[in-house]
Structures are given as C-alpha cells and as structure tokens.
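S.K.: Below are the sequence and a predicted model for it; my questions follow.
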Amino acid sequence: MQITFLGATGTVTGSKYLLEYRHKKILIDCGLFQGFKELRLRNREKLPIDPALIDAVILTHAHIDHSGYIPLLIKNGFKGKIYSSVATFDLCKILLPDSGYLHEEDARRANRYGYSRHSPALALYTREDALTSLKYFKTLDFGMPHYFDDDFHFTLSRSGHILGSAFISIKAGKKTINFSGDLGRPNDPLMKPPAKIQYTDYLLIESTYGDRLHGKADPCEELGKVIKSTAAKGGTILIPTFAVGRTRASYIISIN
Ligand SMILES: [Zn+2]
C-alpha cells in the first residue's frame with residue numbers, strides 16, 4: 001500500500017490523497033485549493049498522476065476543499081466512479097454547479113477588466129462541467145462495505161462534521177487505514193456524534209485547527225448573550241456565512 005499526498009499539506013485546502021494498493025489507484029477526497037492566489041493557481045497545475053489512471057474517488061464530505069476538484073478531474077480524463085454518502089451527493093448537487101458558476105464569473109470578470117495574463121481568461125471549469133460530473137457519483141449507506149477486490153474494501157461511517165460527512169475506513173490486505181476528513185464534535189445540537197473508530201493500523205487525521213482546543217463555554221449561551229444585548233439596544237446582528245454547515249448553531253439561537 002502506498003499513499004501520496006496531493007494536497008492539504010502545508011495548507012488546509014486541496015485535500016487529495018492517492019492510495020495505491022496492488023494495481024488499484026484510489027483518490028481519497030478531490031478538493032480544490034482555496035484562499036490566496038498562489039494557492040488557487042495550484043488548481044491549474046497538472047496532477048502528478050494522469051486522472052485516466054485513477055480507478056475511483058471516495059469522498060469524506062461535500063465541502064469544496066474536499067470535493068471541488070471533481071469536475072476538473074473528469075475534464076482531464078477520469079472515468080471511474082465517485083463514492084460518497086447519500087447526503088454528500090445531495091450537497092454536491094448544489095455545491096459543485098455553484099462552484100462552476102463562480103469560476104465562470106471569475107473568468108468573465110477577468111476578461112471584462114483585463115486583469116488576467118491569459119486572453120481570454122478561461123474558467124477552471126464551468127457549471128456545465130460540474131453538472132456532468134454528478135453522473136459519476138455512486139452513493140453508499142453508512143456501514144455498508146464496498147469491495148474493489150476480495151481483500152480490498154472500504155466502509156463509510158459518520159464523522160459528525162456536516163450533513164453526510166464520513167470517516168473512510170479502508171481494509172487493504174491485512175492493514176486498515178482510516179481517513180478522518182474534517183471532524184465533528186460529539187455534542188452538536190443537530191449532527192449525530194462521530195462514530196468511534198475501534199481499530200486502525202494507520203490514521204490520517206485533519207489538523208485544520210492545529211493543537212487548539214475548544215473552549216469550555218457553551219457557544220449557544222455565549223451567542224445568546226450577544227443576541228439578547230443587541231436586541232435590547234434595537235441593534236442588528238449580521239452573521240457572515242462562509243461555508244455549508246458553519247452557522248447552524250447561531251440559527252438555532254436566533255429563532256428561539
Ligand atoms: Zn469540511
């Protein structure tokens with residue numbers, strides 16, 4: 001078994017791990033690099049492996065830094081299946097076409113104001129490319145193993161991060177390897193708690209927030225105080241939403 005890191009190293013976006021076992025090549029997550037321009041430019045670099053040689057993609061969850069490279073992978077020759085949970089697919093049906101639309105908008109703006117080195121500037125991929133990529137998905141229920149070979153299979157289990165998010169547990173020969181994807185908390189008001197991994201030989205774990213620990217204070221109470229005091233003054237609260245599933249706790253507070 002061999003693993004190659006194709007993203008999310010030295011930065012927290014662009015998650016892509018190539019796992020090779022015997023003759024099979026599996027890509028775990030297929031994320032876009034996001035953020036500063038030098039990171040975004042990495043999306044346009046050639047992958048060190050020809051996408052046509054990759055047999056399958058398995059997704060931990062739908063956030064674009066884990067799924068947003070899929071339309072490009074297909075544009076560049078990938079022909080395999082994309083495995084995900086049912087809810088991850090449902091979210092990808094919204095997020096991937098939206099991402100394609102935003103790339104088209106970027107290209108339109110660059111052409112209008114002439115700030116691209118390329119003429120014309122081209123979208124990384126389009127909404128149409130993203131819609132095409134949805135045909136490659138195959139959904140799996142949590143806990144249902146999927147076999148690539150007699151001694152090579154994987155199972156998804158809940159990771160509690162966003163709707164549909166999963167740990168990917170892969171058994172290759174005698175070894176087990178777990179990919180965490182992004183991790184949720186055990187006491188989330190809306191999400192079911194992450195499954196407990198009973199055994200693994202190797203664990204690849206996300207470390208977006210480094211070694212920082214969650215504070216002890218109850219975020220609902222903290223936010224409740226802010227909302228009550230603002231409301232008492234007749235003020236307005238603006239809650240910026242930057243990613244799917246990141247403002248749900250505040251929504252609960254605001255409707256109570
Ligand atoms: Zn995420």
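M.R.: Received it, and whenever you're ready, just let me know what you need. Owing to the predicted nature of the structure, the values given are computational and were not obtained by experimental measurement. Numbers count the residues shown, from 1 in each chain.

S.K.: how many neighbours does the closest residue to Ser180 other than its chain neighbours have?
M.R.: Excluding the flanking residues, the one nearest Ser180 by Cβ to Cβ, 6 or more residues apart in numbering is Ile205, at 4.4 Å. Glycine gets a C-beta too; all of them are placed from N, C-alpha and C. By other Cβ atoms under 10 Å, the residues close to Ile205 number 11.

S.K.: Check Asn187 too.
M.R.: 9.

S.K.: Check Gly114 too.
M.R.: Look at Gly114: counted by other Cβ under 10 Å, it has 9 neighbours.

S.K.: again with Pro145
M.R.: Pro145 has 11 nearby residues by other Cβ under 10 Å.

S.K.: From what I see, it and His153 are in contact.
M.R.: Yes: counting by Cβ atoms under 8 Å, His153 is a contact partner of Pro145 at 4.9 Å.

S.K.: Now do the residue nearest to Ser180 against the ion, distance only.
M.R.: 13 Å (Cβ to the ion, to the nearest Å).

S.K.: And the pLDDT for that residue?
M.R.: At Ile205, the predicted lDDT confidence score is 89.

S.K.: Do I have it right that it meets Ile177?
M.R.: No: counting by Cβ under 8 Å, Ile205 sits too far from Ile177 to count as a contact (11.5 Å).

S.K.: next one: phi and psi at the residue in the stretch 151-256 of the chain that the ion sits nearest to?
M.R.: Going by Cβ to the ion, the ion is nearest to Asp182 of the stretch 151-256 of the chain, at 3.7 Å. Main-chain torsions, Asp182, degrees, to the nearest 10: phi -80, psi 150.

S.K.: Tell me if I'm right that Asp50 and Gly77 touch.
M.R.: Yes: here Asp50 reaches Gly77: they are 6.5 Å apart, a contact under Cβ under 8 Å.

S.K.: for the protein, what's the longest helix?
M.R.: Assignment by DSSP state H gives helix 86-113 as the longest helix of the chain.

S.K.: Tell me which other helices or strands that helix touches.
M.R.: Applying 3 or more Cβ pairs under 8 Å, 6 or more residues apart in numbering; DSSP states H and E, we find helix 86-113 packed against helix 64-67, helix 70-75, helix 127-133, strand 137-140.

S.K.: neighbours of Phe167, just the number please.
M.R.: Neighbour count of Phe167, defined by other Cβ under 10 Å: 25.

S.K.: An error on my part: the question was meant for Val244.
M.R.: Neighbours around Val244, by other Cβ under 10 Å: 16.

S.K.: my read is it is in a strand, agree?
M.R.: No: Val244 sits outside any strand when classified using DSSP: H, G, I helix; E, B strand; the rest coil, being coil.

S.K.: Mind jotting down where the strands sit in the protein?
M.R.: Counting by DSSP state E, the chain has strands at residues 2-5, 17-21, 24-28, 56-58, 81-85, 137-140, 146-149, 152-158, 166-172, 175-179, 202-204.

S.K.: Deepest in the core, which of the helices and strands packed on helix 86-113 is it.
M.R.: Most buried of those, by mean neighbour count (mean count of other Cβ atoms under 10 Å): helix 64-67, with a mean of 25.
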